[in-house]
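K.L.:
let me see the structure of the following:
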Amino acid sequence: MKSREECPRQVEAKEFEIWCDKEADRILLESLKSASNFLEDIANVNVMPSMAEISRNPKYDFLRQIVNYDRADICIFHKRKPILIVEITEHGYTGDNSLQRFARIANSGELGIPFMYFTPFSRTRIDEIEASERATSKRRVSRHLFEGFRRIYDIHAVPIMPFDWIVDKKGLPKTVKLTARAEEKIAIFGELLRSIEHFCCCHALDIEQRKNLSACPQVIERMGLVDELISKIPVRTSDVKASNVPFKTVVDLIYAPEKIAGFVGGGEDYFFKGKDHKLVTLMCLQRSTIGKVQTTEGTMIDKPSKKEDLIKLLPKELSQRESVLYFCGYEKRSEPNGGIVVNLDYCLCRTGKTVKDRRYNLIVIWPRVFFDNGNTVLKSLVEDLKMTANGNATVLSALIKTKSESRGEELSAHKYVKFTKSSIGFWKEDDTIGRIYRSFCDILLLNDALLLGKHWLPTPNRKRSLPKWFSKD
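P.N.:
Residues are numbered from 1 along each chain as shown. You can find the predicted model right below:
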């Protein structure tokens, strides 16, 4: 393909429409029209309806696959066919938080839609600036995010392109008022806006026809930047991920889930460091018994008493591979956990276009969620939380005391139980995080049950409905 300036225009701006996640996204786009002739010529800029409305109303069929796992900030359509998805975030998340939007990025790649990610590659944190009079150091976006970009491109041949949001002297993203002059907006968003115009006007028909864009100079430039970022950002270890785990070890943990506490983060000390919610998770692990198992027919049965019988029930491929384990210590929190799991799938497990194309199994452990909402252990754990909040001696209060003694400071029980109703919960198939886990992991271990990924269930449940514009060619 020709250079940016020479690429022939296939369609004009007036033929596009834009759908935004929120009203704030629409307002931002409207304000950027003064800095972009392309945006200025697009009259139809809308806000997406609720997920429930998209699901039940046939007039929004063209939106449904775009929000399959999650909702991106900006989706650009040509004659109701998605051409480009854009994410704009000033947070510049570090560590695993960098991955919280990865599910929507992967969805874009799987549907053949280029994705642009506009964020500071490194920035300072506002809370650190406010907490200290001294200059604070910048934090980099996780290398795993860009490794995920590369893997999606290698597998699906769809460009996932990063754009750096420039920062000021303090390391904070530069911003301008909505009413600022065009030149001020171009100084921050200009490169992104020019690329949006290029891909929409010069490649809309290519994208609709699912043509390979690898020869496009902009794609070459952006994917080169991805490789540069991967090479520069150091690898960070994680306490909640484990690789190359023999499947025998996975089975052992299924039969003794309380031992997961000694397996995560190098041992039980992990739960007594850092965030307070970890003690609630530890309490749940100590009371965990996986009593139900989902078969490949989709039915729930009692877990076999013998390990070898359980292995026979599960897909045979699982016992033939090592596993990657991800430990989710939260309850009902979709970010960043959903994105982390999808990123692990692409970066460590996946070898091809489907979740069955694997070198490793992907196992998610989620001990604060129960399959059976009438489980007596669930009820007793919730009661423990309530009693702890009232100052009674409980299992959780004993854990809090242990942590207090190790840190040499008094810790308030209320700090751990102020969100009692959401601290421990039960499984909901239609939750965002539930859909993501089921779509990407092979096994999901809840506090009381083993669930299989949808790709191991009967055909009617694992087929993904694709829109008319999607082609497998």
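K.L.:
backbone dihedrals for the residue nearest to Gly262 when sequence neighbours are not counted, please?
P.N.:
For Gly262, ignoring the flanking residues on the chain, the nearest one in space by C-beta to C-beta, 6 or more residues apart in numbering is Glu268 at 5.9 Å. Where C-beta positions appear, they are placed from N, C-alpha and C, glycine not excepted. Backbone torsions of Glu268, given as degrees, to the nearest 10, read phi -60, psi -20.
K.L.:
check Asn447 too.
P.N.:
When read as degrees, to the nearest 10, the backbone of Asn447 gives phi -60, psi -30.
K.L.:
quick check: mean pLDDT of stretch 341-357?
P.N.:
When pLDDT is averaged over stretch 341-357, the result is 95.
K.L.:
what about that stretch, start to end distance?
P.N.:
16 Å (C-alpha to C-alpha, to the nearest Å).
K.L.:
returning to what we had before: contacting residues for the residue nearest to Gly262?
P.N.:
Ala261, Gly262, Leu282 (C-beta atoms under 8 Å, 6 or more residues apart in numbering).
K.L.:
distance check, Trp366 against Ala187.
P.N.:
Separation of Trp366 from Ala187 (C-beta to C-beta, to the nearest Å) stands at 45 Å.
K.L.:
in this structure, which residue is closest to the centre?
P.N.:
Nearest residue to the geometric centre of the chain (C-alpha atoms, centre = their mean): Gly339, 1.4 Å.
K.L.:
now name the helix or strand holding that residue.
P.N.:
Secondary structure from DSSP states H and E places Gly339 in helix 337-344.
K.L.:
next one: Ile254
P.N.:
helix 247-255.
K.L.:
which positions in that helix come out as buried?
P.N.:
For helix 247-255, the buried set under the neighbour-count rule, 16 or more other C-beta atoms under 10 Å, comprises Phe247, Val250, Val251, Leu253, Ile254.
K.L.:
more neighbours, Trp366 and Ala187?
P.N.:
Trp366 (26 against 15; other C-beta atoms under 10 Å).
K.L.:
residue contacts, that one?
P.N.:
Contacts of Trp366 by C-beta under 8 Å, 6+ apart are Cys328, Tyr437, Leu444, Leu445, Leu446, Asn447.
K.L.:
tell me the mean pLDDT for the longest helix seen in the chain?
P.N.:
Using DSSP state H to define each element, the chain has its longest helix at helix 182-208. Mean pLDDT, computed over helix 182-208, is 96.
K.L.:
check the offset of it from the chain's centre.
P.N.:
On the basis of C-alpha atoms, centre = their mean, to the nearest Å, helix 182-208 sits 26 Å off its chain's mean C-alpha point.
K.L.:
buried sites along that helix?
P.N.:
Buried residues in helix 182-208, counted by 16+ other C-beta under 10 Å: 184-186, 188-189, 192-193, 195-204, 206-208.
K.L.:
low-confidence ranges in the stretch 351-473 of the chain?
P.N.:
Applying pLDDT under 70 to the stretch 351-473 of the chain picks out residues 408-422, 460-473.
K.L.:
which residue ranges of it form helices?
P.N.:
376-389, 395-407, 414-417, 420-423, 432-440, 459-462 (DSSP state H, counting those that start in this stretch).
K.L.:
sorry, back to before: wait, isn't the residue nearest to the centre of the chain in contact with Glu87?
P.N.:
No - using C-beta atoms under 8 Å as the test, Gly339 is too far from Glu87 to be in contact (11.6 Å).
K.L.:
find residues that contact each of the two.
P.N.:
In contact with both Gly339 and Glu87: Arg101, using C-beta under 8 Å, 6+ apart.
K.L.:
before we move on, the earlier item: out of the contacts of Glu268, which comes closest to Ala24?
P.N.:
Of all the contacts of Glu268, Ala24 sits closest to Leu282, with 38.3 Å by C-beta to C-beta.
K.L.:
in contact with Ile166, which residues?
P.N.:
Listed by C-beta under 8 Å, 6+ apart, the contact set of Ile166 reads Pro120, Pro173, Lys174, Ala187, Ile188.
K.L.:
adding distance to Ile230, write these out as JSON lines.
P.N.:
As requested, these are arranged in JSON lines below (distance: C-beta to C-beta, whole Å):
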{"residue": "Pro120", "distance to Ile230": "17"}
{"residue": "Pro173", "distance to Ile230": "22"}
{"residue": "Lys174", "distance to Ile230": "25"}
{"residue": "Ala187", "distance to Ile230": "28"}
{"residue": "Ile188", "distance to Ile230": "25"}
